[in-house]
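J.: Mind looking at a prediction? Sequence and model below.
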Amino acid sequence: MKLSSLSLRLLVLFVLGSLLSCSQIEMLPNQAALPMDYENPVGDELRIMTWNVEHFVDEYDSPYTDAYKENNASVAPEKKALFIEAILKSDADVVVLQEFESAQYLEKLMGELDQDHGYQFFADYESLGWYMNVVIMSKVPLGVMYGYGNVYTPVEYVDEKGKERKETQININTRMWSCRVWPTQRKSVVITGLHLKAGRDNRDIATRTGQIDFLNYQMKQLTKINKRENLVVLGDFNAYPDSKELELLKQGTKRTQLFDPLGDSVYSHPSDQPERRLDYILYNSSMEKSLIDNSAKIYKPFEPGRMRIVSDHLPVIADFEVKSL
């Protein structure tokens, strides 16, 4: 049966259109491109998770890092297996880890799994001489990443003898960065991952304060560019809910003020018998309308003893409605 001239033309146009559509590059608003053949795995909700996984290092001794736990690297097989199981059970679209050695290691670890998990995108701002980094893993594309490791932040405090001290520090600022993620082709969120200075003495508090002052400035700059910027700040802050450092981080400006969906009596550390809160997912007013009610929680996929095998911290999870971003 012969095709008519019109039918033949229509068939040719259809085939050409199909070929063109298959090779079309999908663009983001900032003139970056989506990966070829990318299929968005996110449905109605974007799940974000943060977790300090306590000295999660690979089996190789880096010649550039002089630290006992990295030089004698060994993660128990049970810790590794439980970590992977917890990640997969969480069904998180974006995962930010503290005390993880590198994005390279995380990508390798997830690539060794014999199941489709959807995590395609990995990034960090790795320290040049230390092994505890903040790493992001995502099912949705990552955009511009702002690394703060080259920044000196002030440390001003009164020491134990009552003497005023003024210092600067750069050693741990690689453990702060901001990264844009793209849940949809038109909507993005800037996630700031943190692992702030540990400790309770005046110098530790002053170090965190200096880091937070810098971060508040950075967020203010982002909202100058886009007044409706979606901001999420998460990680191990090493600060309690009622601390002056956390209040400083939360207060911000009208557009950068951050909100904590969990109450002061919700604890994340230690993982087997929580009695304090160190881990947070905070969001600004632009994100507030997107937070799904009662979705923010401390995530406990296993009983306390098994959770402690993985880490001394518990993960935190929150869900956001994609269409409201």
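T.: Alright, I've got the coordinates.
J.: What strands flank the host helix or strand of T50, and is each parallel or antiparallel?
T.: Assigned by DSSP states H and E, T50 belongs to strand 45-56. As defined by DSSP bridges, the strand partners of strand 45-56 come to strand 94-100 (parallel), strand 316-321 (antiparallel).
J.: Just the CA trace of the shortest one, in CSV.
T.: Taking C-alpha atoms only, strand 316-321 is exported to CSV below (Å, rounded to 0.1, in the frame of the first residue of the first chain):
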residue,chain,number,x,y,z
VAL,A,316,17.6,15.3,60.2
ILE,A,317,15.1,15.2,57.3
ALA,A,318,12.6,17.7,55.9
ASP,A,319,10.3,17.6,52.9
PHE,A,320,9.4,20.6,50.8
GLU,A,321,6.5,20.9,48.3
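J.: For the protein, which segments are assigned as strands?
T.: 45-56, 94-100, 121-124, 133-138, 142-147, 153-158, 164-169, 176-181, 189-195, 231-236, 279-283, 297-298, 316-321 (DSSP state E).
J.: picking that back up, possible to save the strands paired with strand 45-56 as a markdown table with mean pLDDT?
T.: A markdown table is the format used below for the strands paired with strand 45-56 (pLDDT from 0 to 100):
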| stretch | mean pLDDT |
| --- | --- |
| strand 94-100 | 98 |
| strand 316-321 | 98 |
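J.: Please identify the most buried of those.
T.: strand 94-100 (a mean of 27; mean count of other CB atoms under 10 Å). For glycine as for every other residue, the C-beta is placed from the backbone atoms N, C-alpha and C.
J.: Tell me what angle it forms with strand 133-138.
T.: Relative orientation of strand 94-100 versus strand 133-138 (axes from the mean of the first three to the mean of the last three CA atoms, to 10 degrees): 160 degrees.
J.: and strand 94-100 with strand 189-195, angle?
T.: Between the axes of strand 94-100 and strand 189-195, defined by the same axes, to 10 degrees, the angle is 20 degrees.
J.: which residues are contacting strand 94-100?
T.: With contact meaning CB atoms under 8 Å, 6 or more residues apart in numbering, strand 94-100 is reached by 46-56, 87, 106, 119, 124, 132-140, 175, 181, 191, 193-195, 234-236, 311, 313.
J.: now stretch 107-124
T.: Applying CB under 8 Å, 6+ apart, the set of residues contacting stretch 107-124 is 35, 41, 58, 80, 84, 87-88, 95, 100, 102-104, 106, 133-142, 145, 177, 179.
J.: Which PyMOL command selects the buried ones in those residues?
T.: Burial among those is assessed by 16 or more other CB atoms under 10 Å; the matching PyMOL selection reads:
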select buried, resi 58+84+87+88+95+100+102+103+106+133+134+135+136+137+138+139+140+141+142+177+179
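J.: which ones are touching the closest residue to T184 other than its chain neighbours?
T.: Closest residue to T184 in three dimensions, ignoring its sequence neighbours and counting by CB to CB, 6 or more residues apart in numbering: V322, at 6.3 Å. Taking CB under 8 Å, 6+ apart, we find V322 in contact with 42-46, 183-184, 187, 290.
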